[in-house]
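[1] Here's a sequence, model it:
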Amino acid sequence: MKVRRLVLAVLMTLAILLSSVPAALAEDYVVVSGDTLFKISATYLGDGNRYLEIVEATNAMNATDSSYAFIENPDLILVGWKLDVPTGEAAAPAVIVAAEVIADTIPAGATAACNLKSISKVDDYTVNLTFYSYHAPLLSQLATPMLSISSPDAIKKFGADYMFNPVGTGSYKFVEWVPEDKITLEANPDYWGGAPDIDTLIYRVIVEPTARLLELQAGTVDFIYNIIADDIAATEADPNLLVYKVPPVNIGYVGTNLAWKNEDGVEVLRDVKVRQALRHAINRGAIVEALYPGTGMVAKNYIPPSLWGYNDDIPAYNYSPERARELLAEAGYPNGFKTELWVMPVARGYYPDPTKVGEAIQADLAVVGIDAQIVTHDWGTYLALTRDGEHGGLFMLGWMPDFMDPDNYLFTFFGPGGKRWDSDMIPDETVYQRLFQAKTEADAVARERLYYEANALIHGAALGIPIVHASEIYASNLALIDYAPHSMFDEWVDWSFDGDTMIIARSGDAVGLDVVDETDGESFYIGSQVFDSLFRFGPTDTKAYPALAESYEISEDGLTWTFHLRKGVKFHDGTDFNADAVLFNLDRIWDKDHPNRAGNSQAFQYWSWFFGGFKGDVIEE
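    Sure, this is the predicted structure:
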C-alpha cells in the first residue's frame, strides 16, 4: 500500500532535531477540550512541530511524579492531563528582519477590518506574515485549497481565463475540462512528495444519485460521492462494492436573508419573533428520520457536537406549529406571509436529496401560514445570487469544514463574507464581535468559552435554522485499495488503485478552477489535486503538516509568523516556486486592485472569511 505516513515522518524528523534543542525552563499545562499537542506547542513554543519536546518533558516528570501524564501516543491526549511545557530561552524563536514588505493600506488611526498587517520576503525561501492580533487558526487555514499557490506566470498569461487553465505544484496536472461533463487530470511524475500511484483521474458529472450508483455497479465509474438514504441498503448488500461513511461534521441549514422585503416593502425577517417562529415551524426531527435514516442527527448549533466550543446547554427550539403561530401573530403576521425558499440544485452530504428536504420544509411552513415558493438555479448562479444578496427570504445551504475549528463555521457564516444573511453582510454585530475576539484569542480555554457564548447568542437571535449534521456515504469498486475518506477533501496521491485510470462520479460540476476565488466543493475537489498550499492535512486526520512550507516560527508577541519554504519545487509550467510566488499569490487576493487578480467572481470570499476583510478595509466606528 502506497500511503504516505506523514505522522511517522514528522516524528522521526523531530526526534533527530530534538537532540540539538537546548534545555529550558518549564511550566505546567492542563489539557482542555479541543487541545492537541501540535496546537499547545504552537501557542507556547512558537512552533507546532516542537510538540515532541512536550512529550519528552512530560514523560520525564511522570517518572517521578504520577500527577503528570504519560504520553504514549502524541495523537491522543485527554482532557485534564497535566503536561510539562518547556518555556524560557529555548522556546523563543530568532527575530528575522524582512527585506521586502507589502503592507496594509489603512489610513492612520483607522481600525483594520482584515487582521493581516503585512506580508514580506526575507529571502528567496523565507516569508513573514504579520498580523494586528494573534491569528489562532492560521496553520489550518494555510492547509486548505482556499489559500493554495498558483503559478504567477500562468495567472499573468491567462488572465481572466486562468480559471479554465489552472497551474499549481500539486500531485496532478490539469488536462481538460468539458463543462457539465468531465474534468481530466494526469499524475505529476515530478511531484515533490512522490509520484501518485493513479495515473489519471476523471471527474464525471452525474446529477441523479441513483444513476451514479447504477454506473458504479455497471463498472463505468470507480467511485461515487453522496449516496442517498434510499440507496444505502442496496450498496451495502453488493459484494462488489465498498461503502465508506464520513463522520457527521457538516451542517445543512436554512438561512434567513434579513434584507429581504415582502410585497409591502417590509423586512419581515428582521423581527426575531418571525425567525423564532420559523425554528418552531420546521419539523427537523421528522425530516432527519425520514430522509437521513441512520446517517443524520438534528442540528442545534451550527457546529457539530464533536467539535470544541459546542454549546449543548442551550434549549432546543421544539417543533410546535402552535408556538410558531403565536410568535407570528405577536410579530404582526397572524395569517403568515409569502416568501421564497431557495433550494440547492446539487447534492451534498448534508443535503443528499435537497429537493425532498426543501419540499418537506415548504410543507411545514405552509401549516403555520407561510407560503414559501421554491426557487432554484444552476449551482454557479445560485451561489453568486445568494452571495450578492439577490435572493429570497429563505435559502438552503450547508457547510463541509475546511478545517476543524469553530472559526471555520461561525466566522464564515456570520462574519463579513457576503450578503447572504444581510445587505450589510454582518447580520448581528454582537455575534460578530464575539467571533472576532475568539479568532484572535491565543488562550485555548478562553477561545473555547467565547465560541460557547457565540453559539448561545446565535441561538437566541435565531439566525437561520440549523437542520442536520449528516454522515456522508461514498462507495467504490474493489479496485480502490485501503482507502479511508477524509472529513474535508481527499488527496488521491495518498491512495492506491488497481488500474491506471480512476473515474469519479459526483453530482455537480466545478464552478471555476482558480479555486481561491470559489466556494463550492466541486471546485475544491479538483484544487486539492492540482494545487499545494503551505501546509496540508494528513491523509486521515485534520492536523496541519508541512507542505510547500517546511517549517515555521512565531515571534514572541505572537504577531509575526515566519515560514521557511521548500526548495526545488516547480510549478507544472516549469517555473520555480519561491518566496516571490508566495507574495504574489497572497497579495493578488488581499489587494482588490491587484493588476493580476484573475479569479472568477473576484469576490475571494474565503479570504474575508479567514481574515475579516481585504487590504485597506476599515471598521467604521
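[2] For the longest helix that the chain contains, name the packing helices and strands.
    Secondary structure assigned by DSSP state H gives helix 444-461 as the longest helix of the chain. Counting by 3 or more CB pairs under 8 Å, 6 or more residues apart in numbering; DSSP states H and E, the packing neighbours recorded for helix 444-461 are helix 37-44, helix 406-414, helix 429-439. For every residue, glycine as well, the C-beta is placed using N, CA and C.
[3] can we see that at 6 Å?
    The contact analysis (3 or more CB pairs under 6 Å, 6 or more residues apart in numbering; DSSP states H and E) places helix 444-461 against helix 429-439.
[4] I'd like the mean pLDDT over the helix it packs on, please.
    For helix 429-439, the mean per-residue pLDDT is 93.
[5] quick check, distance from it to the centre of its chain.
    Averaging C-alpha positions (CA atoms, centre = their mean, to the nearest Å) puts helix 429-439 18 Å from its chain's average.
[6] which of the residues in that helix are buried?
    By neighbour count on 16 or more other CB atoms under 10 Å, the buried set for helix 429-439 is 431-432, 434-436, 438-439.
[7] which residues touch that helix?
    With contacts defined as CB atoms under 6 Å, 6 or more residues apart in numbering, helix 429-439 is touched by 407, 410-411, 414, 426, 447, 450-451, 453-454, 457-458.
[8] okay, the residues you listed in JSON lines with neighbour count and pLDDT next?
    JSON lines is the format used below for these (neighbours: other CB atoms under 10 Å; pLDDT from 0 to 100):
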{"residue": "D407", "neighbour count": "24", "pLDDT": "93"}
{"residue": "L410", "neighbour count": "24", "pLDDT": "96"}
{"residue": "F411", "neighbour count": "26", "pLDDT": "92"}
{"residue": "F414", "neighbour count": "25", "pLDDT": "93"}
{"residue": "I426", "neighbour count": "15", "pLDDT": "88"}
{"residue": "R447", "neighbour count": "24", "pLDDT": "92"}
{"residue": "L450", "neighbour count": "20", "pLDDT": "96"}
{"residue": "Y451", "neighbour count": "28", "pLDDT": "96"}
{"residue": "E453", "neighbour count": "17", "pLDDT": "97"}
{"residue": "A454", "neighbour count": "28", "pLDDT": "96"}
{"residue": "L457", "neighbour count": "19", "pLDDT": "97"}
{"residue": "I458", "neighbour count": "26", "pLDDT": "97"}
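[9] tilt between the longest helix of the chain and helix 429-439?
    160 degrees (axes from the mean of the first three to the mean of the last three CA atoms, to 10 degrees).
[10] Which is the succeeding secondary structure element to helix 444-461?
    For helix 444-461, the succeeding helix or strand toward the C-terminus, using DSSP states H and E, is strand 465-470.
[11] And for that following strand, what's in contact with it?
    With CB under 6 Å, 6+ apart as the criterion, strand 465-470 contacts 248, 252-254, 278-279, 282, 284, 288, 292, 295-297, 299, 302, 304, 349-350.
[12] so which strand or helix has the residue lying closest to Y203 once chain neighbours are set aside?
    With CB to CB, 6 or more residues apart in numbering as the criterion, Y203 has its nearest non-adjacent residue at 4.5 Å, and that residue is I183. Assessed by DSSP H and E, I183 sits inside strand 182-187.
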